[in-house]
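In: Below are the sequence and a predicted model for it; my questions follow.
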Amino acid sequence: MLATGLLAFAATMVHADEGMWTYDNFPSEAVKTKYGFGPDKQWLEQVRLSSVRLAGGCSGSLVSENGLVMTNHHCARSCISQNSTKEKNLMESGFYAGSSGEEAKCPEIEVNQLLGIIDITDRINAATKGLADRQYNDALKAEMSRAEKECATDDKLRCDVVTLYHGGRYHLYKYRRFQDVRLVFAPEGEIAHFGGDLDNFMFPRYCLDVSFLRIYDNGQPAKTEHYLKWSPSGSKDGDLAFVPGNPGKTSRLFTVAELEYERDVALPRRLMRLAEERGMLVEFGERGPEQKRISEARLLSVENSYKGVKGRYEALLDKNFFATKVASEQSFRARIDADPAKHATYGGAWDAVAGAKEAQRKVLKRYSMVEGGAESSEGFASTLFGHARALVRAADELAKPNEQRLREYTDSRLPALKQKLFSSAPIYDEYEIQALTFSLTKLREDLGPDDPLVKKLFGKSSPRELATAVVNGSQLKDIATRKQMFEGGKRAVDASSDAMIKLARLVDQDARAIRKQYEDEIEAVLKKNGELIGRANFEIYGTGTYPDATFSPRLSYGQVKGFGADGVTVTPVTRMAGLFDRATGQDPFILPESWLKARASIDLSTPMNFSSTNDIIGGNSGSPVVDREGRVSGLIFDGNIYSLGGDYGFNGSVNRAVAVDSSALLEALDKVYHATRVLDEIRPKSAGR
């Protein structure tokens, strides 16, 4: 991997197709210099309004005037799985709504369309001026909550304060929120993830990782003024390519201390957890076909995460790459130290970050196991427990002023909380017991049998006995029960004898205590000093650099291009003929019967997948590939194996994004699936039938 340090980046950005750029700071002139075309303001606005975010962690695009959204199959996997039954597994059979009435509701998918960006840096800085540590962090979160509430005047709006350049800038992103989302089309799982884990993060590839959803407004398909039209010819080698999307998280501006923590602590722990969970899920799936169906989506997610985290870990183990990060930080600090004023303001920030990361090592196990996230944690991996924790905490938090609540319970975030809490997605007792037994076992291992919380939780029960008792003793599978308890507030929650509610109440004091310790002693220090480093970076480089990814809308540029690695030259385009050649009839290279039957009618020369130099990361799944005319030429679904260190740096010689070609999508929808409703909406008007 090549360094993407602060200094190295400024010198190389024009030569490499690097950067996940915000729409208000896209380097159009640099793109024009290199490729002869630079997007103007109108082009950027059209692409921004035609691109969407799936709030669960993916991207998508509007591809018709009737709210049709294109994304990946794996991004809609929750909806596909939640609409499956024992009698009909949509992950196996696929899904196609032949009429609007057949479109299936997605209980937990929220789609966001970015409407505007407001720079509120001065406002945030004024609210936190002169403050440090806990006071700084409390003031920062309170002001963010105020700004978001002022902006989100309607449940159809979502407003997020986005921290850019690690605090160098704060922008308020205003979205149109769509929570009525329905499944229109999804192919069989065998073709959506053809090649399975073996081919994951590899190229050449032969996948049709696509699904089509539809956003609804007031019970009707949403009318979308802005949407992407379809390229009639797809992509070819050398074409200029843009990728609008929502890259999840990069750490390219991390300090060396933060990278050391990732390398030595966080990533090894995450890998071990994923490996053990994968084993648990495989065993559960081998109990029978229904257990396999129930756990399949989670297993695919775990396998994908394991391979991705392993790639990140290996990047940081590369001594040469890590040395470039050390040298980059030393050069930047030397530049700060050479200026007495800058040294006085920023010089101590790196050491403060290092101290906070050392403190984080000491609380990592307890924080991860007991708190760890908004609804659940590593120690309580259960949908029912997530609902119970949300109800217990909502009862306390919603009685407080908006600015004093935990961030996930502020007014601007309540629609998302309610969507998940009142989801109609099925909950399976056997799987809940299995997952909770596994996570409780890991909690007891990490904290030890003599830990006071462990003693309080288990008494004389084993993890399986406890998991079985709380799952069987809970009524939270019933949506009406959850709604009644939420609306009843603290009185209803406190009076409940539900076993899962009682478990959440039992844990809550300890969970809040470790969260407060983490936020006051670690998060506050990291945010404050990260902000100082971000400001120092901004003083020197200004907007000539791009910020780390934050799962907010970005735009990258590149070209369709192959690569050479390990003595092998890889061409950028695969074709449908190669899909049939690669099929063996054995897992993971099984082709669905629909493809075998359609083979004679398929144009086997049709481009299938392609690679490009676009700089992407997790979260870009489902992003469209857009040509210079602003048309869909592909659908991002992966990166190659050399992109896995992209969290920390970008190497334009081998890092590649991987996409389904738009021609393959049309060919499959027409010849294999006869999905005329979808084709009629997206097909280029000049293409005919």
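Out: In hand now; what should we look at?
In: which residue ranges form the strands in the stretch 451-600 of the chain?
Out: 554-559, 563-565, 568-570, 573-575 (DSSP state E, counting those that start in this stretch).
In: so residue 598 makes contact with residue 669?
Out: No: counting by CB atoms under 8 Å, residue 598 stays clear of residue 669, with 11.3 Å between them. Heads up, the C-betas are built off the backbone N, CA and C, glycines and all.
In: Who has more neighbours out of those two?
Out: residue 669 (23 against 17; other CB atoms under 10 Å).
In: Tell me who's in contact with that one.
Out: By CB atoms under 8 Å, 6 or more residues apart in numbering, residue 669 lies in contact with 185, 675, 678-679.
In: and what of residue 54?
Out: Contacts of residue 54 were listed using CB under 8 Å, 6+ apart, and they are 60, 71, 75, 109-112, 622.
In: Just the buried subset of the residues you listed, please.
Out: 60, 71, 75, 109-112, 622 (16 or more other CB atoms under 10 Å).
In: Keep only those of these that are in strands.
Out: If you go by DSSP state E, the buried ones among the contacts of residue 54 have 60, 71, 111-112 in strands.
In: Farthest-apart pair in the residues you listed, please.
Out: Farthest-apart pair in those is 71 and 112; separation 12.6 Å (CB to CB).
In: In the stretch 251-400 of the chain, mark out all the helices, start to finish.
Out: All helices of the stretch 251-400 of the chain, identified by DSSP state H, counting those that start in this stretch, fall at 256-261, 267-285, 289-317, 319-337, 340-346, 349-366, 383-397.
In: quick revisit: could I get the buried ones among the contacts of residue 54 in a markdown table, plus columns for distance to residue 212 and pLDDT?
Out: Shown next, in a markdown table, are these (distance: CB to CB, whole Å; pLDDT from 0 to 100):
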| residue | distance to residue 212 | pLDDT |
| --- | --- | --- |
| 60 | 10 | 98 |
| 71 | 8 | 98 |
| 75 | 11 | 98 |
| 109 | 13 | 98 |
| 110 | 17 | 98 |
| 111 | 12 | 98 |
| 112 | 18 | 98 |
| 622 | 11 | 98 |
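In: mind putting the residues you listed in CSV, distance to residue 240 included?
Out: Converted to CSV, the buried ones among the contacts of residue 54 look like this (distance: CB to CB, whole Å):
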residue, distance to residue 240
60, 22
71, 23
75, 25
109, 31
110, 32
111, 28
112, 27
622, 21
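In: Low-confidence regions, this protein specifically.
Out: The model of the chain has pLDDT under 70 over residues 1-15, 373-376, 685-689.
In: separation between the residue of it most remote from its centre and residue 346?
Out: Of all residues in the chain, residue 340 has its C-alpha farthest from the mean position, at 41.1 Å, by CA atoms, centre = their mean. Applying CB to CB, to the nearest Å, the value for residue 340 to residue 346 is 11 Å.
In: so which of the contacts of residue 669 comes closest to residue 473?
Out: For these, the nearest to residue 473 is residue 185 (40.5 Å; CB to CB).
In: Secondary structure element for the residue lying closest to that closest one once chain neighbours are set aside, which one?
Out: Distance criterion CB to CB, 6 or more residues apart in numbering; nearest residue to residue 185, sequence neighbours excluded, is residue 212 at 4.3 Å. Using DSSP states H and E, residue 212 maps to strand 211-217.
In: Would you list the strands that that strand pairs with, along with their directions?
Out: strand 68-71 (antiparallel), strand 180-186 (antiparallel), strand 220-221 (antiparallel) (DSSP bridges).
In: Just say which of those is most tucked in.
Out: strand 68-71 (a mean of 27; mean count of other CB atoms under 10 Å).
In: Can you name the residues in contact with whatever helix or strand comes next after that one?
Out: Using DSSP H and E, the helix or strand that follows strand 68-71 towards the C-terminus is helix 77-82. Applying CB under 8 Å, 6+ apart, the set of residues contacting helix 77-82 from outside is 56, 73, 90-91, 95, 104, 106-109, 181, 183, 186, 211, 213, 293, 296-297, 300-301, 424-426.
In: likewise stretch 394-409?
Out: For stretch 394-409, using CB under 8 Å, 6+ apart, the contacting residues are 141-146, 149, 374-375, 393, 410-411, 413, 417, 486, 489-490, 492-494.
In: give me every residue that touches residue 554.
Out: Contact partners of residue 554, counting by CB under 8 Å, 6+ apart, are 20-23, 244-247, 546.
In: most neighbours, which of these?
Out: Counting by other CB under 10 Å, top hit in those: residue 245 with 31 neighbours.
In: residues near the closest residue to that residue other than its chain neighbours, how many?
Out: Leaving out its chain neighbours, the residue that sits closest to residue 245 by CB to CB, 6+ apart is residue 623, at 3.1 Å. For residue 623, the count of nearby residues is 34 (other CB under 10 Å).
In: so residue 623 touches residue 61, yeah?
Out: Yes: between residue 623 and residue 61 there is a contact under CB under 8 Å: 7.4 Å.
In: Please enumerate the shared neighbours of the two.
Out: By CB under 8 Å, 6+ apart, residue 623 and residue 61 have these common neighbours: 51, 244.
In: just to revisit the earlier point, list the contacts for the residue nearest to residue 185?
Out: 63, 68-71, 183-186, 678.
In: go with 10 Å
Out: Residues near residue 212 by CB atoms under 10 Å, 6 or more residues apart in numbering: 60, 63-64, 68-71, 76, 95-97, 103, 182-186, 665, 669, 675, 677-678, 681-682.
In: Then residue 449?
Out: Counting by CB under 10 Å, 6+ apart, residue 449 has contacts 455, 458.
In: try residue 478
Out: By CB under 10 Å, 6+ apart, the neighbours of residue 478 are 427, 484.
In: Count the residues that sit near residue 465.
Out: 14.
In: didn't it look like it was pressed against residue 441?
Out: No: here residue 465 does not reach residue 441: they are 11.6 Å apart, not a contact under CB atoms under 10 Å.
In: if we can go back for a sec, make a PyMOL selection of whichever of the contacts of helix 77-82 turn out to be buried.
Out: Under the burial definition 16+ other CB under 10 Å, those of those that qualify are selected in PyMOL by:
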select buried, resi 56+73+90+91+95+104+106+107+108+109+181+183+186+211+213+293+296+297+300+301
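In: Excluding covalently adjacent residues, which one is nearest to residue 553?
Out: Excluding the flanking residues, the one nearest residue 553 by CB to CB, 6+ apart is residue 114, at 4.8 Å.
In: Please tell me how far residue 436 sits from residue 470.
Out: Taking CB to CB, one finds residue 436 at 7 Å from residue 470.
In: shared neighbours of those two, anything?
Out: 380, 382, 384-385, 500, 503.
In: Please indicate which of those are buried?
Out: Buried among those by 16+ other CB under 10 Å: 380, 382, 384-385, 500, 503.
In: Redo those residues as JSON lines? Include distance to residue 575.
Out: Below are those laid out as JSON lines (distance: CB to CB, whole Å):
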{"residue": "380", "distance to residue 575": "48"}
{"residue": "382", "distance to residue 575": "45"}
{"residue": "384", "distance to residue 575": "47"}
{"residue": "385", "distance to residue 575": "48"}
{"residue": "500", "distance to residue 575": "52"}
{"residue": "503", "distance to residue 575": "54"}
